[in-house]
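Student: Provided below for reference: sequence and predicted model.
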Amino acid sequence: PAGPTCPAPVEAALEFLTAKGACANVFRLALPYAFATPASERHTFQADMVTAFIAAVGEKEAELAAAMRASEAALAQIGADKAALAERLAQAEAEEAAKSAAKSAAEEESSRAAAAKEEADSVLGKAHDKKASAAAAVQAKAEDIESTNKTWAEHFPALKAGSFAPKDWRARNRSIEAAVGALASEAPTSLGLALEAALKERPEARGPFASEAIVRAEAAFAAYMQRLSAQLEELKAAETTAAEAIDAATATAAAAQAALEAAQQASIDAQNEWLVATSAVRELKGRNFAAQEAEATAALARAQGVLEDFRRHAEACIALDKPPAPEASAPEADAGQTPAEQQTTAGEAPAEVAAACA
């Protein structure tokens, strides 16, 4: 006759124990007979099998509970990672904001330094122009003094001494014109006219007024030369000042250039630091825990479901360990059978179970 079937809770629990390999097969063969026999009437082997099964169920329940706790820990770790990421992102965004402000400040400083350098170059250019103008004025004044002195020296002494012969009156008149012209910018018109008339006369024929005109002309020319010389010195002083201004402007321009280069480098450094900070923020914002969190949540739900299902089957199996007494008694054994033979007659197959456990 067919043997007893494996109780549904036991069969369901055995599905969770398949990892135990041959032992699960042994349980599947032996447990139907063990659970079909009241606990007080079980053979030692039957009792041991039930005890081993209940222990295996307990171990599996502990294993599934540990798996669920691991899933909980994994989900909690994702939450902690998200919180840590949010903190790191807040710090990175604050760092980015600080670097952005530093970059803007460095750019403004670079702009100011560029404007200062441009102004310094302009001042230096104007200083060079002023120096060139002063040098030209010095040269022009020196040439004017030299030319005036030369003209006076070439004409006035000979005219004063009456060196021209009467027949050279044309040359004399040209010489008078040159001498009076050299004095024209300094002497009044009346003195120029008086000097011209005096120089046309022979020295011995000159009267007091003519002689006085000559003396006054010489004094006027000497004063004129002194004034020109003073002007020349003033122009030279102005040229020296212009040269000193060039030196000062050159130093200022060099300092402005150095400041500009430093400001530009600082601006480049600040921009690079801002780019690094921006990249860090972008990288942190790119991290997404949604998929990982969804997967971990689903894994936890699965682990909880599996544990709940197994516990329900395990509780049912434990209840089966002490079932109510069967209503129908087992078939009577032959009086001549041994206890082992009696269990075989009742449906037990110790040889088959032994083979499954081998």
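Tutor: Everything's here; your move. Residues are numbered from 1 along each chain as shown.
Student: low-confidence regions, this structure specifically.
Tutor: Residue ranges of the chain with pLDDT under 70: 1-2, 18-23, 322-358.
Student: which stretches of it form helices?
Tutor: For the chain, helices defined by DSSP state H occupy the ranges 8-16, 22-36, 44-161, 169-183, 189-199, 208-286, 290-320, 339-345, 350-357.
Student: okay, these, which one's buried deepest?
Tutor: Across those, averaging neighbours per residue (mean count of other CB atoms under 10 Å) puts helix 22-36 on top, at a mean of 20. All C-beta spots, glycine's among them, are computed from the backbone N, C-alpha and C.
Student: elements contacting it?
Tutor: helix 8-16, helix 44-161, helix 350-357 (3 or more CB pairs under 8 Å, 6 or more residues apart in numbering; DSSP states H and E).
Student: elements contacting the longest one?
Tutor: This means helix 44-161. helix 8-16, helix 22-36, helix 169-183, helix 208-286, helix 290-320, helix 350-357.
Student: out of these, flag the one nearest Ala114.
Tutor: Among these, the nearest to Ala114 by CB to CB is helix 208-286 (5.8 Å).
Student: the closest one relative to helix 44-161, how many degrees between them?
Tutor: Inter-element angle recorded for helix 208-286 and helix 44-161: 170 degrees (by axes from the mean of the first three to the mean of the last three CA atoms, to 10 degrees).
Student: and stretch 204-212, how far out from the chain middle?
Tutor: Its chain's C-alpha centre and that of stretch 204-212 lie 95 Å apart, by CA atoms, centre = their mean, to the nearest Å.
Student: now Ile318, nearest residue through space, not along the chain?
Tutor: Closest residue to Ile318 apart from its sequence neighbours, by CB to CB, 6 or more residues apart in numbering: Ile54 at 6.4 Å.
Student: now Glu308: how far from Ala301?
Tutor: To Ala301, Glu308 is 11 Å away according to CB to CB, to the nearest Å.
Student: an error on my part: the question was meant for Ala194.
Tutor: In terms of CB to CB, Ala194 sits 130 Å off from Ala301.
Student: can the helices and strands packed on helix 22-36 go into CSV with extra columns for distance to Glu295?
Tutor: Output for the helices and strands packed on helix 22-36, formatted as CSV (distance: least, CB to CB, whole Å):
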stretch, distance to Glu295
helix 8-16, 23
helix 44-161, 9
helix 350-357, 39
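Student: so which of these comes closest to Ala171?
Tutor: Going by CB to CB, the one of those nearest Ala171 is helix 44-161, 9.8 Å.
Student: so how far is that closest one off the chain centroid?
Tutor: Using CA atoms, centre = their mean, the offset of helix 44-161 from its chain centre is 6 Å.
Student: just the angle between that helix and helix 189-199, please?
Tutor: Orientation of helix 44-161 against helix 189-199 (the same axes, to 10 degrees) gives an angle of 50 degrees.
Student: find the nearest non-adjacent residue to Leu300, please.
Tutor: Here the residue nearest Leu300, using CB to CB, 6+ apart, is Ser71, at 4.0 Å.
Student: pretty sure that neighbour contacts Ala299?
Tutor: Yes. Ser71 is in contact with Ala299 according to CB atoms under 8 Å; the separation is 4.9 Å.
Student: for Asp121, which of the helices and strands packed on helix 44-161 is the nearest?
Tutor: Closest among the helices and strands packed on helix 44-161, once you apply CB to CB, is helix 208-286, at 5.7 Å.
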